[in-house]
Each structure stands twice: as structure tokens, then as C-alpha cells.
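**Q** Mind looking at a prediction? Sequence and model below.
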There are 2 protein chains.
Amino acid sequence: MRRVHVDLSLVSERVLVKQLQGLADGPVSVSGWVETVRDQKKVQFVILRDESGAVQLVNPATRPAEDGSDQDAAALALTDLISNLATGTFLTVTGELKHDERVKLGGVEIKIARLDIAAAALPETPIAADSGLDKRMDWRFLDLRQRRNNLVFRVQTTLEHAFRSYWIERDYIEVHSPKLMASASESNAELFEVPYFEDKTAYLAQSPQFFKQMAQVAGFGKIFEIAPAFRADPSFTSRHATEFTSVDAEISWIDSHEDVAAMQEELLQTAFQAVKDKHGAEIEELFGLEVQVPAIPFPRIPLAEAREIVKSRGYEIPRTDGDLDPEGERQISAYVEETYGHQFVFITDYHPEIRAFYHMRDEETGLTKSYDLLFKGVEITTGAQREHRVDVLIEQAKEKGLGAEHLDFYFDFFRYGAPPHGGFGMGLARVLMLLLGQDSIREVTYLFRGPTRLAP
Amino acid sequence: MRRVHVDLSLVSERVLVKQLQGLADGPVSVSGWVETVRDQKKVQFVILRDESGAVQLVNPATRPAEDGSDQDAAALALTDLISNLATGTFLTVTGELKHDERVKLGGVEIKIARLDIAAAALPETPIAADSGLDKRMDWRFLDLRQRRNNLVFRVQTTLEHAFRSYWIERDYIEVHSPKLMASASESNAELFEVPYFEDKTAYLAQSPQFFKQMAQVAGFGKIFEIAPAFRADPSFTSRHATEFTSVDAEISWIDSHEDVAAMQEELLQTAFQAVKDKHGAEIEELFGLEVQVPAIPFPRIPLAEAREIVKSRGYEIPRTDGDLDPEGERQISAYVEETYGHQFVFITDYHPEIRAFYHMRDEETGLTKSYDLLFKGVEITTGAQREHRVDVLIEQAKEKGLGAEHLDFYFDFFRYGAPPHGGFGMGLARVLMLLLGQDSIREVTYLFRGPTRLAP
């Protein structure tokens, strides 16, 4: 083998690895990081990965001659450079692209003519692909280099863009509601306090609830927001975080929560289809599961009936407040999957005692016009029609022991006219976790935040 | 005139006001809020507005007969109801649509058959269109009912969707970086502290700077984020807020900040074109200005040259650190507008002393590879290539007096390999303010947050 000579003046533009298969043999330049090095006596192989894929680089090794005879200094240096490449080093390689069907990785390889290191990695990588979750989170920036972790965020991107596109095609307005609030959004529990100017205290918004309702009395008609929300929640479950991305929508002139549910199921169907179209094959390869685009309408089951079904399956829900518990949610979802072949189910008709004060109540049944949406056994959403009649709203708040002193600014929204309205809030990480069959939202959160996790 | 009789069973679906012109005469149902009532003796007019427009409703008044003779009770009640309608009341009207070119408002009117109040407004509206800004912010939910304020957020929606679509078409990944951090992102100044679990202190992110760089070392290639950022900034200027929406992008394998600038100018051109296409006429009507889609490339002027130009225009910049001040920014933008007919200008080649420690420096000049982007005389962006060589980075931090104790987690990002990269952060409200010719970001922020403003 001889050293490769490439006229470097012909190669200036970086190409992505995924583009190589479509290029003719000849000089190319690729940039990425070192995934592995195989440093054999006569030949060196480097697997280089970039954001689009991985490619094999090859170099005929030039070692110092045993008999001490002269060697090409540049060739010696290049061989030495490759021998000392640490995993993770970012570099640019210019070389000769060659299609060769014997190369398992994409049927192409690049013979290295020139190698420029952007920033070398320390020789020891602190984590491996099979390190524990907590350790991987300590080194999240390395953990995210794994193909499946990268895919998580490409799926997230597609999912969100499909949500927003669905809404924008239907004339929704995007809002950015403030995360610093003068008072609690729903209750004083689990609120982060922020010392503010002039000895005031601000609170971090637990949800955009009040402010997305404000858009309705402002006559915005239909709105959405995807933004962080904060809960000072000491839970360590796989489904909770102190900071999470909340997907929210709110619409006016609805007849009931059914109008909200109908929008949400169509939204999810559209977005899952987009994910399947763009990433279905790769999700199957890396996560071993097929994305199921849900049929609409999703099944609906009133809460009382759901509890009966769960009981008839042999599970006694220990909660006494009439709600489902996590195992009850898994059971009812299993029932729905078995009976209707559906991964989603709306649970409806919750008693006011277990719902927020602003949920509207049905005049006949006294139950709230609200739902929870379960996906693969886990709650991902609460949706509801809101009470827009201020006297009823104040009465319902009073029932929950919530006084006017903190809520009067909110009650004001409804004193100058209000349309009937409703909406939902959905945890983005929960949807992603379940969509990709993961055990914990930590796996699908860019940088997880929990009671004992604030860094990196 | 006689009372209108409509077969209500024919009318169930709400139509938007903007759809009325395209409908044939006949029964319709519209929902919205009362903008004005003209209660004349023989006829009543109501201007009803919804999220899409305004329409005139008409009702032949039926008053109690002076001679005490019998009248249609329903007609009397409807007339009375309309007489007592407060501005802002949300209602649904079913009636007879009639095209009539004498009606100034869209050439249609609806004769009221039935009127259902969703929620009545208090009789006195606390603000008027000409109330002061602070009072309007107290009642922002009413202020937002104004057509021009509604338009602000429809423009914002289009602008952001165009940004995201531009990026997504180019394979950018959307990230949601955490807003709760264990340490400061750039300096300890102007940071909000949040008491956290186990007596720890968290800080609210001033920018996603460190975390968007993390995506580069994670091999994400190109990313964007639109999210809140927080600054405990005591300023009361028209351009500052304690919470604002930051538009951020970061890309790998750049040669210099020029690659970032080239992306940003194309992004802005694309997005302004989208705004002009969708809202150009309405912006002209309500804000009295034409949206100018900027030509690319935008002009570039090195800082030292910009200062000379400003000086030659007769303005002596009082700052001694070599930067521009706000008046200097207005002057250089005026010069660019006069000379090149352009509303944007990149100011480049800033001295390291007036830039963040992580800005990369040009090896020849020693100046940073960074820019500020001015739009109509106001800074809307700082962009830069970042220093990705960890030893240089640490040295530059040290120069600024920033020690490793708070930044070590950030330095770690670069110890395991890193690509050359750069990006920008852009204040969404500033762009909107200038695009719509407004005096203050408060006018274009859904709910402004400042040192003395936390509510509603």
C-alpha cells in the first residue's frame, strides 16, 4: 500500500457522512469524532462518527523501519498521530473516498490523506455505553454521543414541529407566558420561590394554566405554548422532574372537554405519523419497537367504570379518593390494549374533589368536564373545560380552601367577559419516554433536573 | 322592521367573522365579544369582534309601547338585553346573515335572532385604548383585545415558525436546556437565586450558552432553542426585562463567526419574508409601516471603523472601553441606512476586554471572532465563534478573573473532544419591537416582567 495523495485544493467543503454513499470516488473532507481506532501493524482503521452517521477511515501504517532505513517522515507522523487518537477526539479528515462493498459500514471508506485534530480527547473516557444511568447523567455530554440518544432528540424535534405545524395550520397563536409569577398558579405546594427585587418573592410557574386562560379572555381564540415548567417535587419516580417541558394548548368556544380531547387525539395522531415517517426505521433498529400511529377516536372510559374494570381484573386500588393509582393506570391501559388494540385511553368524569378548582362541572352529574389521557399505562395529560363564570369559579376555589388574596388577579380575568374554553397540558418527556419504550424520563431529557440533580 | 325568525336547528356550527363575506345570505352563528353598542330608539347595533375580525349585528328595537299596548315579550327582552350589554361581554349570536354593501364593516351584517351571553363583563372597562402603558399592563388581558396587540402575537407566531422551519429543513435539532443551574452561566452578576433541595442554591439561566455548546461536544451538529431566559437586571430601559424569550442557535464545524452571521442573515430574511407575506397588509394598516425584507449579505463594519464613522457624524461616544453606546448604535445604523439602504448591520472585531471569555480570538489581530447585530439602531444579537480548545478557554476565563470552581463542569465539556463551533442569541421581543416600530419591548411581550412588575 502506498500513501494517498489528494489535491487538497480540490477539497474544501465538509460533507456529511450520510452523503458519502451518493458521491463518486474521489477526494472528500469529513468531520466528526473518533468512535474507535483499530491500530494494526500494517493498517490503521478509524471509525469516525458525525451527526449523520459513521464511516471507516483507513491508513496504511508506516512504522519506523527495523533496519533503521529512512521512511517518509509525513507518513510516519500520520501513523503515529492515528496510533495516539483517543476516543472522542474531534477531527477533520481529507482523503480519497472509495466505494467498496466489502466495507460493512455503508460500503465506503476514506483513505486518509490529511488529518486535522480540532480538539483531542483525554485518553480515558469516564463512561461506557453500559454505565449506570446516574453516571451517564454525570457525563451527559458524552452519553448523548450514543446513536440512540441522538435519535431521541431528533424524534423530539420532529414531534414538536408536527405539534406546532398542526396548530399553526389551524390559526393558533403561540404565546410565551411568564415563568416568574407573583403568586402560585394552582396551589402553594411544590412551588420554587425566587427572591425578587424590593424584598418581594416571585414563584416559578408550575404550569402556564392561568396565563393560557388569560389568552382566551384576551380573545386570542386558540393558543399553544411549549415551555419549561417547575415543580419543587421531592419525588424520585421515573416520571417526575423538578423542571420539565410542558406542551400546552387552550381553545375558546368549546361545548365541553370533548372538543379538547378531539383536538388532542388528532394532534397526537398527526405527530406520531410524522415521527413514524421520518424515524420509524431507525427507531425500530435502535429501540426495537414499531411506532404505532393511533387510530382516532381514542377509547373513552369514565373513571368509575375504569375502576370497576381494574377491580374485575383482580387489582384492588388502595386509594380511597376514587382516583386511579399508577398500577390502576397500567391495568386499565392493559385492558384497553387487549380489548381495543389501542395504546391510548381517555379517562373521564372525575369527581371535583380530585380535580383542580377551575375545572367546570357537569350540571347534571356534578362531575368535572375533564379527562386524563393515558398512553401505555402512564398519565401524560390532564385536560378540561374551565369554569369561565366568575361567581361559580370563586365558589369552587373557596370549596378547596383557596382564598381570593392570591387568586384575585386570576378572578379578574373573568370579570370583564370570558368565552367558554378549555385545554390540556402534556408532559413532553413522558410522551417521548413511552413512544420510545424507555423506563425513565431521564433517558429522554436533555439535562434532567431532580431533587438531587442540578448539574451538569 | 320585523323580528328575525331563524330556524335554529339549521345553525349549530360557529363560523368565524372572517368567513362571513364568503357565505351566502342565511342563518349563521358567530361568537365573540362586544366591542361597541349603539342603542338607538328604533334600532340597535352591536359590533362583535372575534379572533378573526369584527361584524355588525343589528336588532330592530322593541320598546315598551307608550300607550301600554301589548308587545312581543321575547322581542322586548332581546332589546333590553342588548341595551344592557357591557363592552367586553362574550356572547354567541345566531341570526340572519345579509350582504349589504352599505355596511362599512365588511359589507355584511347579521340580524339577531338569538343572543346567548357566555360571561357578562362588568359595566366599566378599567382601561381605554389610549391609557398609559403601565395601566394597560395592569389590565393586559383587556389591552390584548386591541387589534394591533392581537396582531403582534400573530406576527410573533409566524416569525418563530419561520425560524424553526428554516432550521428543521436544515436538520437542526431542537433542545430544551435546563433553566435551573448549579452555577452561573457567564458571570455571577444579575443572577436570580432559587433555594433548592437540601439547602442548595440553584440559579436561573441567563442564557442557554453553556448548554447549547454542550450539544456541540455531544455531536448534535446544529441545534436551536427558543425559551425563556432570566436576568436580575435592575434596568428600566425600553429594551430590558427580567424574563425574556431568547432565540438561540449553535452550529459545529464553522470556520469563523462569519458562518454564524451568514446563517443568521438568511434566517432573518426568510422569516421577515414569511411575516410580510402573511401579515404585511395588516401591519401597514395597523402600524403604519412596511415590512422590509432585508437583502443579504447584510453590511459588516468592524467596530473600530464604526466608531470612526460615528465620530465623523459629530457624535463623541462617551464610553472609554472602545464599545458603542446606544446612541452610537443608532448613529451607525443611520449611516448604514443612508449609505446602503439597509436596516441591519453586523458590527465585528470586538476587543476581548469587552466580550465574554469564551469568544474565540483571531490569531493575527487578537480581536474576537464575534459580532453584534444591530437592527434599526438597536442591538438584537451577539454572535461568535467559541473557543473550543480547553487550555486556551481556561486561560481566557482566568484573564477575566473567572476561576475554575464554578466553571469546571463547563471546561469538562471540552476535555473529551470538541468541534469548532459558534452561534448566536437573539432577543425575540427586540426583533418584534423594531419590526413593528414600537417604542418598548413591553408592547410586544405577552406579560412583561421587570424589577417592579411581576403581575398579572
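**A** That came through, no problem.
**Q** Can you give me the distance of residue A:87 to chain B?
**A** 8 Å (C-beta to the nearest C-beta, to the nearest Å). In this view, the C-beta of every residue, glycine as well, is placed from N, C-alpha and C.
**Q** Could you give the number of residues near that residue?
**A** When counting by other C-beta atoms under 10 Å in any protein chain shown, one arrives at 19 neighbours for residue A:87.
**Q** can you pull the contacts of it?
**A** Applying C-beta atoms under 8 Å, 6 or more residues apart in numbering or on different chains, we find residue A:87 in contact with A:34-37, A:121, A:125.
**Q** sec struct for it, please.
**A** With DSSP: H, G, I helix; E, B strand; the rest coil as the basis, residue A:87 sits in coil.
**Q** any chance you could map the helices in the stretch 1-150 of chain A?
**A** In the stretch 1-150 of chain A, the segments counted as helices under DSSP state H, counting those that start in this stretch are A:73-83, A:133-138, A:140-143, A:147-169.
**Q** The stretch 351-456 of chain A now?
**A** For the stretch 351-456 of chain A, the helices defined by DSSP H, counting those that start in this stretch cover A:390-399, A:404-413, A:428-435.
**Q** Let me know which of these is tucked in deepest.
**A** helix A:428-435 (a mean of 24; mean count of other C-beta atoms under 10 Å in any protein chain shown).
**Q** On the pLDDT front, check the closest residue to residue A:172 other than its chain neighbours for me.
**A** Counting by C-beta to C-beta, 6 or more residues apart in numbering or on different chains, residue A:172 lies nearest to residue A:222, which is 4.3 Å off, once chain neighbours are set aside. Looking at residue A:222, its pLDDT stands at 98.
**Q** mind checking how far residue A:222 is from residue A:250?
**A** Using C-beta to C-beta, to the nearest Å, residue A:222 is found at 8 Å from residue A:250.
**Q** again with residue A:227
**A** For residue A:227, the distance to residue A:250 - C-beta to C-beta - is 13 Å.
**Q** same check, this time on residue A:35
**A** 45 Å.
**Q** how about TSV for the helices of the stretch 1-150 of chain A, with mean neighbour count, distance to chain B and mean pLDDT added?
**A** Formatted as TSV, the helices of the stretch 1-150 of chain A follow (neighbours: other C-beta atoms under 10 Å in any protein chain shown; distance: least, C-beta to the nearest C-beta, whole Å; pLDDT from 0 to 100):
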stretch	mean neighbour count	distance to chain B	mean pLDDT
helix A:73-83	16	15	96
helix A:133-138	16	10	96
helix A:140-143	22	5	98
helix A:147-169	20	4	98
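**Q** From the recorded domain assignment, give the ranges for chain A.
**A** The record assigns chain A these domain ranges, following automatic domain parsing: A:8-119, A:136-444.
**Q** Looking at these, spot the one closest to residue B:389.
**A** Of all the domains of chain A, it is domain A:8-119 that lies closest to residue B:389, at 5.8 Å by C-beta to C-beta.
**Q** helices and strands around the worst-scoring helix or strand of chain A on mean pLDDT, which ones?
**A** Within chain A, no helix or strand scores below helix A:404-413, which has a mean of 91 by mean pLDDT, DSSP states H and E. Helix A:404-413 is packed against helix A:209-217, helix A:390-399, with contacts defined by 3 or more C-beta pairs under 8 Å, 6 or more residues apart in numbering or on different chains; DSSP states H and E.
**Q** Of those, which is nearest chain B?
**A** Proximity to chain B (C-beta to the nearest C-beta) singles out helix A:209-217 among the helices and strands packed on helix A:404-413, at 4.8 Å.
**Q** strands paired with the top strand by length along chain A, and their directions?
**A** As assigned by DSSP state E, the longest strand anywhere in chain A is strand A:26-39. Partners of strand A:26-39 in the sheet, by DSSP bridges, are strand A:43-50 (antiparallel), strand A:90-99 (antiparallel).
**Q** will you turn those into JSON lines that also has mean pLDDT and mean neighbour count?
**A** Formatted as JSON lines, the strands paired with strand A:26-39 follow (pLDDT from 0 to 100; neighbours: other C-beta atoms under 10 Å in any protein chain shown):
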{"stretch": "strand A:43-50", "mean pLDDT": "98", "mean neighbour count": "20"}
{"stretch": "strand A:90-99", "mean pLDDT": "98", "mean neighbour count": "20"}
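**Q** quick one: stretch A:328-340 to chain centroid distance?
**A** Taking C-alpha atoms, centre = their mean, to the nearest Å, one finds stretch A:328-340 lying 24 Å from the centre of the chain it belongs to.
**Q** coming back round to it: settle it for me: which of residue A:222 and residue A:250 has more neighbours?
**A** A count of neighbours by other C-beta under 10 Å puts residue A:250 above the other of residue A:222 and residue A:250, at 29 against 20.
**Q** As JSON lines, the helices and strands packed on helix A:404-413 with mean pLDDT and distance to residue A:358 would be great.
**A** Listed next are those as JSON lines, based on pLDDT from 0 to 100; distance: least, C-beta to C-beta, whole Å:
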{"stretch": "helix A:209-217", "mean pLDDT": "97", "distance to residue A:358": "8"}
{"stretch": "helix A:390-399", "mean pLDDT": "96", "distance to residue A:358": "6"}
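**Q** That'll do, ta.
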